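[1] Okay, structure incoming, though there's no sequence with it:
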């Protein structure tokens, strides 16, 4: 990753501070502002500096907030009564303050919990006072308004006038500051990836999060496909690490896979709602992340990667198997495990695996999903081919996996799930044998922003047989330590705005592990990415009014998706236009392309791992070779950015998401002499002028006739280093 100086060179110290603060805030865990219940009023102050507001958490508990009292009264207590006059008097009783009935000490801007006696509720009282019993003196009081106790709040019906997937509820009730009830909910059960969903703002988006379904034991997983709901009442809970209802602006049903809103209601602020406090428990300023206890060690175990990946299993009965996957990974990284696509060896194609992971943002919300791998490519949702969930595959199946416990301790994530030995799903599932050796497939890799498995980072290097009927096999304990996070490679920005650089060569290449596409963009890719002038996804800087030419070799075999990557320029940061629904293409512009040409690909020799290299050039020169079907069968894309072109566009793959990166557009008369390293990129770029590496389109690497191979090790690189100084405090 570029240094702080690289990214923010030339900023004033004040701007730098604001940027850093913004980054910290953006990556913070959601923290709920303390919620004390329905505000009843403010204590009047007669003596001893009494001050504070009174809130009703329920009909059994009050909170005094901002409470101040100098403690000098000789016999003062929290005192409540119901005298007809409505004012505090000696005809009251001592009420527990913070669990004590002793004489009050001094307080300064404190929060005091006031619990009513078991035999009474708030309706039995008309006032609260700070009262001196010895001298019958009222230091401060509040006379209650009518109906002071908090109650649940109705928000009305859920659903669109023309229901989506039949979603409708007669009422949405906010029960308390953490829980919501959907009354008489209808849903046809046919949504492929439906969740109870909430988030900030007034309209559902993919940046929301799942709510816990209490009818399914607090599950955060998606609703079972094929299971319809009719007049069902469900209670939903905001996960503790997400704050409370004060942190959200809507609740509804949402399809994650297709970013589809099935119906929602807008939620007012908690101060408007005035509902009870969840579970009558004291509110907390910092909502903790929920960490489940580690799953019980299963009876049998096999090491898949030494000190990195293990699988445990036990037969729950004759019809199902419980599996626990444990790996040294981070949240947002999946563990895949299941039956091989071949009966005679370990094979990914045709395999039936379960993909399990924890949510990247929260480090919780375990998921385990049935997958079928029909082709060695990312899932093409329009055709159901590639590494797709059973539900997205064609022909489709069902998700027959039930997620169980999980843990995230000391850098090791464990997720348990249960699956029937024979699901009856002949389209996508295999029968799990329990008496003989069977070959399995496994992998580790990132989950992409669409919630689907991206290309693996690690997979078997040899055949892996397992006998699920064996007993007494154990694994060694993992060593302690967190998973190492590698810094992204620094990739030069290619400056097409400089004189003489108007042509670019575009190929397909390897995504480069954690330091490549994923590290540079912050998004999981699919194991391949665009290479421009022999660099992985460089940022391009182009001028308006200048015509540029892209010589493209992305593959032209439309019937083999893994060898078909049309190149185009768009305002869409994801790409994969052909995979999008009509709704998803709204607002998407295509400025040039798509074009493809025959395939030229920077292939891995298999000798090294991308994560073993600290620079892309070292990785490319040692591990990659450029292999072309026909180096002379190219496609040409010619494009002239104009005044209607946005300042930021993207080069992408028309058939697959997450292969390309940024193009920064500047005015033709813009002065670039003062532009700093990283101006065109995201912390993983530096500036390169035409000819810096000797490999522009006018001096392309030689491609040999024998096998059309160019060794990366034959490429010479001259990089430009620019040192920027920060402006210091004065």
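    Here it is on my side, so go on. Small disclaimer: the values here were computed from a predicted structure and weren't measured. Numbering: from 1, shown residues only.
[2] All the helices of the chain, residue numbers only.
    Using DSSP state H, the helices of the chain run over 4-8, 13-26, 270-273, 517-521, 616-623.
[3] Excluding chain neighbours, what is closest to residue 50?
    Among residues not flanking residue 50 along the chain, residue 140 sits closest, at 3.2 Å (Cβ to Cβ, 6 or more residues apart in numbering). For the C-beta atoms, the positions are set from N, CA and C on the backbone; glycine is no exception.
[4] For the one you found, which residues are in contact?
    43-48, 50-51, 69, 129-130 (Cβ atoms under 8 Å, 6 or more residues apart in numbering).
[5] Sitting in strands, which of the residues you listed do you find?
    Residues of the contacts of residue 140 located in strands (DSSP state E): 51, 69, 129-130.
[6] Could you dump these into a markdown table with distance to residue 240 and pLDDT added?
    Below are the ones in strands among the contacts of residue 140 laid out as a markdown table (distance: Cβ to Cβ, whole Å; pLDDT from 0 to 100):
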| residue | distance to residue 240 | pLDDT |
| --- | --- | --- |
| 51 | 32 | 96 |
| 69 | 33 | 95 |
| 129 | 36 | 95 |
| 130 | 34 | 96 |
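[7] Take those and lay them out in JSON lines including neighbour count and distance to residue 194.
    JSON lines is the format used below for the ones in strands among the contacts of residue 140 (neighbours: other Cβ atoms under 10 Å; distance: Cβ to Cβ, whole Å):
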{"residue": "51", "neighbour count": "18", "distance to residue 194": "50"}
{"residue": "69", "neighbour count": "27", "distance to residue 194": "52"}
{"residue": "129", "neighbour count": "27", "distance to residue 194": "52"}
{"residue": "130", "neighbour count": "30", "distance to residue 194": "52"}
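[8] Serialize the residues you listed to CSV and add fields for distance to residue 59.
    Formatted as CSV, the ones in strands among the contacts of residue 140 follow (distance: Cβ to Cβ, whole Å):
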residue, distance to residue 59
51, 25
69, 25
129, 19
130, 22
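[9] From those residues, pick the one nearest residue 428.
    Residue 428 has its nearest neighbour among the ones in strands among the contacts of residue 140 in residue 51, at 65.9 Å by Cβ to Cβ.
[10] Greatest separation within the ones in strands among the contacts of residue 140: which pair is it?
    Farthest-apart pair in these is 51 and 129; separation 13.6 Å (Cβ to Cβ).
[11] what would the contacts of residue 140 look like in TSV with distance to residue 508?
    Below are these laid out as TSV (distance: Cβ to Cβ, whole Å):
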residue	distance to residue 508
43	71
44	75
45	74
46	80
47	80
48	78
50	74
51	69
69	72
129	77
130	75
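[12] Looking at the backbone only, give me phi and psi for the spatially most distant residue from the centre of the chain.
    When each C-alpha in the chain is compared with the mean C-alpha position (Cα atoms, centre = their mean), residue 135 comes out farthest, at 61.1 Å. Per-residue torsions, residue 135: phi -110, psi 10 (degrees, to the nearest 10).
[13] hang on, it packs against residue 75?
    Yes - Residue 135 is in contact with residue 75 according to Cβ atoms under 8 Å; the separation is 7.4 Å.
[14] hey, what's in contact with both of these two?
    Common neighbours of residue 135 and residue 75 (Cβ under 8 Å, 6+ apart) do not exist.
[15] In the sheet, which residues pair with the residue nearest to residue 50? Tell me.
    Beta bridges link residue 140 to residue 130, judged by DSSP bridges.
[16] returning to what we had before: closest to residue 457 out of the ones in strands among the contacts of residue 140?
    Closest to residue 457, out of all of these and judged by Cβ to Cβ, is residue 51, at 59.0 Å.
[17] residues contacting the closest one?
    Contact analysis of residue 51 by Cβ under 8 Å, 6+ apart lists 43, 45, 66-68, 140.
[18] Extract the residue ranges of the stretch 551-700 of the chain that are flagged as low pLDDT.
    669-700 (pLDDT under 70).
[19] Please report how far the closest residue to residue 277 other than its chain neighbours lies from residue 64.
    Closest residue to residue 277 apart from its sequence neighbours, by Cβ to Cβ, 6+ apart: residue 57 at 3.9 Å. Distance of residue 57 to residue 64, given as Cβ to Cβ, to the nearest Å: 11 Å.
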